[in-house]
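**Q** Here you go, sequence then predicted model.
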Amino acid sequence: RRQAGNLPRYPIGCGLVLEQPHERVRAALANNFDFLNMPTPWRQLVPGEGEYRWELTDSWVDWATKSQPRLPLIAGPLVCFEPSVLPDWVYMWEHDYETVRDLIYEHMERVVNRYKGSVYAWNVASGLHLNNHFAFTFDQVMELTRMGVILAKKLHPASKVLIEVRQPFGEYYATNPRSIPPQMYTDLLVQN
């Protein structure tokens, strides 16, 4: 690929662990990778409703933007409904789609505005098509995905936007009729 000129600008990346900001780890990342994938777990950023804790993400963003060479960051997913990422306080609204949508919008807006000068690409959503933790309709899942992409591009037009499709073989669909098959989800994303 290098000989043909088809090598991407940032070919090799690595995910980081927010709780491991050790200098030895950071030096290894800077010396061996072209970009970093920085998680933005909603549960960790907002442990209580309206209580943002930016310390860990601020530390990594500050380091990545000052490293030599500067390491581009992919931040996200901004929204994921996995229990390990979703704050406990959001579950009280699980049957109120409009409130959850508004909470997601506000959360995404705060994160993107805070880091828009430092992030190269946004992983907007991860696994929303699985729909295994909320009883959202097909149209509501697509609206959340569309809203996230539009918001990220509106607030940070120069950034790239990613949508993570989890379980690409669709085995989850056999047991969850509220979910969206992965190929249908990606087709609808492309159409939208």
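**A** Done, it's in.
**Q** got the phi/psi numbers for residue 100?
**A** With angles defined as degrees, to the nearest 10, residue 100 sits at phi -60, psi -40.
**Q** Please tell me I have it right and it contacts residue 92.
**A** No - Residue 100 is beyond contact range of residue 92, at 10.1 Å (criterion: CB atoms under 8 Å). Any C-beta I mention is one placed from the backbone N, CA and C, and that applies to glycine too.
**Q** Looking at these two, which is more packed in?
**A** Per other CB atoms under 10 Å, whichever of residue 100 and residue 92 has more neighbours is residue 100, with 20 against 10.
**Q** Show the pLDDT at the more buried one.
**A** Reported pLDDT at residue 100 in the predicted model: 94.
**Q** Which pLDDT value does the model give the closest residue to it other than its chain neighbours?
**A** The shortest distance from residue 100 to any non-neighbouring residue, by CB to CB, 6 or more residues apart in numbering, is to residue 93 (5.2 Å). Looking at residue 93, its pLDDT reads 88.
**Q** so how far is residue 111 from residue 93?
**A** 19 Å (CB to CB, to the nearest Å).
**Q** Equivalent analysis for residue 136, please.
**A** 21 Å.
**Q** neighbour count winner among the two?
**A** Neighbours per residue (other CB under 10 Å) separate residue 136 from residue 111, with residue 111 holding more: 25 against 20.
**Q** tell me which residues in the host helix or strand of that one are buried?
**A** Using DSSP states H and E, the secondary-structure element containing residue 111 is helix 97-115. Buried residues in helix 97-115, counted by 16 or more other CB atoms under 10 Å: 97, 100, 101, 103, 104, 107, 108, 111, 112, 114, 115.
**Q** And for the next helix or strand after it, what's in contact with it?
**A** Sequence-wise, the next helix or strand downstream of helix 97-115 (DSSP H and E) is strand 121-126. With contact meaning CB atoms under 8 Å, 6 or more residues apart in numbering, strand 121-126 is reached by 37, 72-80, 82, 108, 112, 144-145, 148-149, 152, 156, 159-164, 166.
**Q** Which of those are buried? Put it as a PyMOL command.
**A** A single PyMOL command is used to select the members of those judged buried by 16+ other CB under 10 Å:
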select buried, resi 37+72+73+74+75+76+77+78+79+80+82+108+112+144+145+148+149+152+156+159+161+162+163
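**Q** Keep only those of the contacts of strand 121-126 that are in helices.
**A** Judged by DSSP state H, the contacts of strand 121-126 include 108, 112, 144, 145, 148, 149, 152 as members of helices.
**Q** of these, closest to residue 48?
**A** residue 108 (18.3 Å; CB to CB).
**Q** Surely that closest one touches residue 149?
**A** No - the pair residue 108 / residue 149 is not scored as a contact, 10.1 Å apart, by CB under 8 Å.
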